[in-house]
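**Q** Fold the stuff below for me.
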Amino acid sequence: MGRVLLVAVLFTIGTTAQQLTVVPSTIKGVELVGPESPNFEALVTQIVGTDRPIGFAAALPYALVIRNSTSEAIAAIDTVWTTTDRILLNATDAMFNKAILYVKPGQAVVASPPGILQNQRQMQIFANGTTESHRLENFRNPGNVTVAIDAVVFESGQFVGADRYGAFEQWEAQIQAPRDLASTVLQKQGSQNIREIVSWLEGLAAIRRLPADAHSVETILAARVLLAVYRGGGEAALYSRAKSMVDAPVFPLHR
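**A** Residues are numbered from 1 along each chain as shown. Below is the predicted model of the structure:
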């Protein structure tokens, strides 16, 4: 069991008192340090430095430090912020096939609404001033907030956690849907001209009301990526990217 560290704690942002409750980790070796801990500020500074951009300062009252005290690197983390009546944010942050970004054994990271922060360089996500209004949109005067780590995926591909919010389905779609789309593009290459293929991708990319199922959502997002590649580099670039997506190692996600 992770250490039981959390009690309710009050923050003041402007004139609104915010209460953050961190749910103790139920995943063995995944330890949580909330803002109520006397070690929290020192750990945050150790991870991301002393610079506190406006966006990060706004996110920090809802952040927590996650320490990987297992013997295996972590490749994905599902952090979920809720109030009594709704989900504020379900952040399924994944680093599949990007081993340099894995949370190594013994490493601590900051989980904030804008994302997982591992070092000071990653504070650049706050530089343009738009991050706060993106993932923090739902955090304006939300009242009492609860944050929990609902699931993680280890480097081996092993999924661990309650999966109350569909993280496994989301991560499975992130891995498989782009590969399926790229495979279809390469199949069409032999029977359709580039204008027909691009028109088909444009139809997918134009869908604004995203479907409920994760695979369809990730397919639409992948279509937008491939279209951007085509518009930037032409037909050869499109097929090259599709082939690289099909040939890339498949992260071995499993329960």
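
**Q** For the rest of this, base every contact and every neighbour count on C-alpha atoms.
**A** Noted.

**Q** Around Gln174, how many other residues sit close by?
**A** For Gln174, the neighbour count with other Cα atoms under 10 Å is 20.

**Q** where's it, which helix or strand?
**A** In this assignment (DSSP states H and E), Gln174 forms part of helix 167-189.

**Q** Tell me the first helix or strand C-terminal of that helix.
**A** Sequence-wise, the next helix or strand downstream of helix 167-189 (DSSP H and E) is helix 194-205.

**Q** Return the alpha-carbon coordinates of that following helix using PDB.
**A** Taking C-alpha atoms only, helix 194-205 is exported to PDB below (Å, rounded to 0.1, in the frame of the first residue of the first chain):
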ATOM      1  CA  ILE A 194      -3.900  10.300 -53.200                       C
ATOM      2  CA  ARG A 195      -6.900  12.700 -53.600                       C
ATOM      3  CA  GLU A 196      -9.300  10.000 -52.500                       C
ATOM      4  CA  ILE A 197      -7.200   9.000 -49.500                       C
ATOM      5  CA  VAL A 198      -6.800  12.600 -48.400                       C
ATOM      6  CA  SER A 199     -10.500  13.200 -48.800                       C
ATOM      7  CA  TRP A 200     -11.200  10.200 -46.600                       C
ATOM      8  CA  LEU A 201      -8.800  11.500 -44.000                       C
ATOM      9  CA  GLU A 202     -10.400  14.900 -44.200                       C
ATOM     10  CA  GLY A 203     -13.800  13.400 -43.500                       C
ATOM     11  CA  LEU A 204     -12.500  11.800 -40.300                       C
ATOM     12  CA  ALA A 205     -10.500  14.900 -39.200                       C
END
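
**Q** which outside residues touch that helix?
**A** Val185, Lys188, Gln189, Thr219, Ile220, Leu221, Ala223, Arg224, Leu226, Leu227, Glu235 (Cα atoms under 8 Å, 6 or more residues apart in numbering).

**Q** List only buried entries from the residues you listed.
**A** The neighbour count (16 or more other Cα atoms under 10 Å) marks Val185, Thr219, Ile220, Leu221, Ala223, Arg224, Leu226, Leu227 as buried among these.

**Q** ok, those vs Gly115, which is closest?
**A** Leu221 (19.0 Å; Cα to Cα).

**Q** Please enumerate the helices of the stretch 101-250 of the chain.
**A** Assigned by DSSP state H, counting those that start in this stretch, the helices in the stretch 101-250 of the chain fall at 131-134, 167-189, 194-205, 214-247.

**Q** can you redo the ones you listed as CSV with mean pLDDT?
**A** Below are those laid out as CSV (pLDDT from 0 to 100):
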stretch, mean pLDDT
helix 131-134, 52
helix 167-189, 98
helix 194-205, 98
helix 214-247, 98
